[in-house]
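Participant: Sequence first, predicted model second:
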Amino acid sequence: MLLSDWTKSYPIIAGVIPRLPHERIAPKHEVTAAYRQELHSHGLDYKRFITGRQVHGCEAHIVTLGDVTRDLVCDGLVTRDAMLGVGIVTADCLPVLFFDGNATVVAAAHAGWRGLAGGILEATVKAMSMPHNNIHAYIGAAICQDCFEVGPEVAEAFVECDTHIKPGRGDRVHIDLYGIATQQLQSLGIQNITQSSDCTRCLHGKYWSHRHHGWQRGNQLTFIALPGGIYCE
């Protein structure tokens with residue numbers, strides 16, 4: 001599923017592969033084959049594609065084609081390499097994509113509540129080394145505020161974002177990850193922000209959701225690439 005409404009005025013390719021059909025967990029080779037086929041259908045080469053080993057942290061790495069075979073432990077990926085695509089996997093956390101208005105750099109960030117609290121968006125934007133007012137951001141499908149009920153320790157990580165927190169049952173609270181991400185991006189000077197209206201838990205037939213499926217689940221892949229040699233024949 002391409003994000004053509006977001007990229008329509010720019011030579012950028014970006015999209016999301018929500019999940020394999022049917023209520024089942026597919027073997028790794030089937031998932032890899034599905035990713036490869038979907039990326040290829042959009043002209044992208046899976047062999048020139050990087051996803052990091054995500055740890056809910058705040059490290060963002062600048063990558064090139066030479067990093068394809070490396071084990072990159074990070075939650076943000078940035079590239080200026082037209083031979084390379086980058087992506088992240090999620091199942092309730094926010095997938096956030098970036099590109100600059102000159103189409104010279106793209107980035108992807110995995111932003112769960114820990115990543116948001118730790119500054120993964122700021123780290124990713126900093127690694128892009130572009131004027132922030134020239135950056136376009138896309139916040140993809142994630143869990144909505146009504147579905148994301150957490151303990152008070154999570155709320156304590158976002159004391160500066162109390163307008164995005166509402167009471168739940170007992171001492172529980174509901175946190176708006178979309179709202180927090182938007183507030184953080186705006187505080188960085190990014191105004192070109194597009195947001196998905198989908199909730200991964202509400203639409204658990206379309207997306208994988210950790211809150212709905214538990215550990216017996218897969219992940220969706222959200223990807224972005226610059227125009228250039230990455231394209232398959």
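Facilitator: Yes, it's here.
Participant: which residue is nearest the centroid of this structure?
Facilitator: Closest to where the C-alpha atoms of the chain average out (Cα atoms, centre = their mean) is Pro95, at 1.8 Å.
Participant: For that residue, name its beta-bridge partners.
Facilitator: His110 (DSSP bridges).
Participant: give me every residue that touches it.
Facilitator: By Cβ atoms under 8 Å, 6 or more residues apart in numbering, Pro95 lies in contact with Val16, Ile88, Ala108, Ala109, His110, Ala111, Ile139, Gly140, Ala141, Ala142, Gln220, Thr222. C-betas here are computed from N, CA, C, even on glycine.
Participant: hmm, try it at 6 Å
Facilitator: Contacts for Pro95 (Cβ atoms under 6 Å, 6 or more residues apart in numbering) come out as Ile88, Gly140, Thr222.
Participant: In helices, which of those residues fall?
Facilitator: Of these, none are assigned to helices by DSSP state H.
Participant: and which of these is nearest to Thr51?
Facilitator: Nearest to Thr51 out of the contacts of Pro95 is Ile88 (Cβ to Cβ; 6.3 Å).
Participant: is the closest one in a bridge, and if so with what?
Facilitator: Beta-bridge pairing of Ile88 under DSSP bridges involves Thr222.
Participant: sorry, back to before: ChimeraX command for the buried members of the contacts of Pro95?
Facilitator: To isolate the buried subset of the contacts of Pro95 in ChimeraX, counting by 16 or more other Cβ atoms under 10 Å, use the following:
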select :88,140,222
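Participant: Report the rounded mean pLDDT for the host helix or strand of Lys166.
Facilitator: In this assignment (DSSP states H and E), Lys166 forms part of strand 165-167. With pLDDT averaged residue by residue, strand 165-167 scores 91.
Participant: what residue of this structure is the furthest out?
Facilitator: Farthest-from-centroid check, the chain (Cα atoms, centre = their mean): Gly170, 31.4 Å.
Participant: thinking again about what came up before, could you tell me which strands the strand holding Lys166 is paired with, and in which direction each runs?
Facilitator: Here strand 165-167 is paired, per DSSP bridges, with strand 173-175 (antiparallel).
Participant: Excluding its own residues, what touches the partner strand? List them.
Facilitator: In contact with strand 173-175 (Cβ under 6 Å, 6+ apart) are residues Gln145, Phe148, Glu149, Val150, Ala155, Ile165, Lys166, Gly168.
Participant: From these, list the buried ones, please.
Facilitator: For the contacts of strand 173-175, buried by 16+ other Cβ under 10 Å: Gln145, Phe148, Ala155, Ile165, Gly168.
Participant: Out of those, the closest to Ala34 would be?
Facilitator: Set against Ala34, the nearest of the buried ones among the contacts of strand 173-175 by Cβ to Cβ is Phe148 (27.5 Å).
Participant: Many thanks, have a good one.
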